[in-house]
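Enquirer: no sequence for this one, just the structure:
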């Protein structure tokens, strides 16, 4: 029986994410919402804390959210860590995660500016205990009010930005690897399916579908930083196994 080898950084990330996910529900039973403590809020929100741009990567909304992110980390992260080594891999993972939240906050700042004329010091207050929000910006539409409440009152959680960085890195390093995608009966090379996936995220982000709570621009931020880092590092690994798939 063959043992499954999981490189150390990927293994530790899987464990840490699982622990954070379990702690979220344990603490919720005591009245503490870890999403609001560790998720990433807009930098002008009353709930923003300096550690959130890192801690948000380890929080997830529900089981399917963490399952698909950790499955992708296991499938793609192990291959990339084995090629790059632990230090470069964890740097890549964290940098793409930070790039994700940076782009998401940048888009949020643009939206806030379009509504209020400023990205800071806006009179938007959210009362978690009463489930109420106060928006002291006169003359705005109900839609604009809801947008401000969403930006100021709800955190971004999940490792998806870093995962998108890993997807892009995999597509660049192993473009000819064939992948099986749900609902597609034939294998598709990574160099074709991953760009399509990125374009889908871009279109969903621009479209702003009502009821869509997914941070599409965060995914794009992780993908963009992933692309830049792979280009900068100019990977020169000579391992024959990996070269076979390039």
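Expert: Yep, that arrived. What you see is a predicted model, and the numbers here were worked out from it, not measured in a lab.

Enquirer: please make it C-alpha for all contacts and neighbour counts, starting now.
Expert: Noted.

Enquirer: element containing the nearest residue to residue 125 once chain neighbours are set aside, please.
Expert: For residue 125, ignoring the flanking residues on the chain, the nearest one in space by C-alpha to C-alpha, 6 or more residues apart in numbering is residue 134 at 5.1 Å. Using DSSP states H and E, residue 134 sits within strand 132-135.

Enquirer: buried residues, that strand. List them.
Expert: residue 133 (16 or more other C-alpha atoms under 10 Å).

Enquirer: and the residue nearest to residue 125, how far from residue 60?
Expert: To residue 60, residue 134 is 27 Å away according to C-alpha to C-alpha, to the nearest Å.

Enquirer: just residue 88 next, same as before
Expert: In this view, residue 88 and residue 60 are 25 Å apart by C-alpha to C-alpha.

Enquirer: the more surrounded of these two?
Expert: A side-by-side neighbour count of residue 88 and residue 60, using other C-alpha atoms under 10 Å, places residue 60 first with 24 against 13.

Enquirer: phi first, then psi, for that one.
Expert: Per-residue torsions, residue 60: phi -140, psi 150 (degrees, to the nearest 10).

Enquirer: now swap in residue 30 and tell me
Expert: Note on residue 30: its backbone torsions stand at phi -100, psi 0 [degrees, to the nearest 10].

Enquirer: what residues are up against it?
Expert: Contacts for residue 30 (C-alpha atoms under 8 Å, 6 or more residues apart in numbering) come out as none.

Enquirer: before we move on, the earlier item: my read is that the residue nearest to residue 125 contacts residue 146, right?
Expert: No. Contact criterion C-alpha atoms under 8 Å: residue 134 and residue 146 do not qualify, at 10.7 Å.

Enquirer: so for the residue nearest to residue 125, what's the pLDDT?
Expert: For residue 134, the model assigns a pLDDT of 83.

Enquirer: so what's it up against?
Expert: Contacts for residue 134 (C-alpha under 8 Å, 6+ apart) come out as 123-126.

Enquirer: can you name the element that comes right after the helix or strand hosting residue 99?
Expert: According to DSSP H and E, residue 99 maps onto helix 86-116. The helix or strand immediately downstream of helix 86-116 is strand 124-127, counting by DSSP H and E.

Enquirer: residue 184: neighbour count?
Expert: Residues lying near residue 184 (other C-alpha under 10 Å) number 9.

Enquirer: could you do the one 10 residues further on as well?
Expert: For residue 194, the neighbour count with other C-alpha under 10 Å is 20.

Enquirer: same check on residue 46?
Expert: Residue 46: 14 neighbours (other C-alpha under 10 Å).

Enquirer: now do residue 28
Expert: Using other C-alpha under 10 Å, residue 28 is surrounded by 12 other residues.

Enquirer: sorry, back to before: how far away is the residue nearest to residue 125 from residue 24?
Expert: From residue 134 to residue 24 the distance is 27 Å (C-alpha to C-alpha).

Enquirer: try residue 122
Expert: Distance, residue 122 to residue 24, using C-alpha to C-alpha: 30 Å.

Enquirer: where do the helices sit along this protein?
Expert: Along the chain, the segments classed as helices by DSSP state H run 8-28, 34-38, 52-55, 63-72, 78-84, 86-116, 142-153, 160-173, 190-207, 216-233, 240-245.

Enquirer: deepest in the core, which of those helices is it.
Expert: helix 160-173 (a mean of 26; mean count of other C-alpha atoms under 10 Å).

Enquirer: for it, what is the average pLDDT?
Expert: 93.

Enquirer: now find how far off-centre it is within its chain.
Expert: 11 Å (C-alpha atoms, centre = their mean, to the nearest Å).

Enquirer: and if you look at stretch 219-226?
Expert: Mean C-alpha position of stretch 219-226 versus that of the full chain (C-alpha atoms, centre = their mean) differs by 9 Å.
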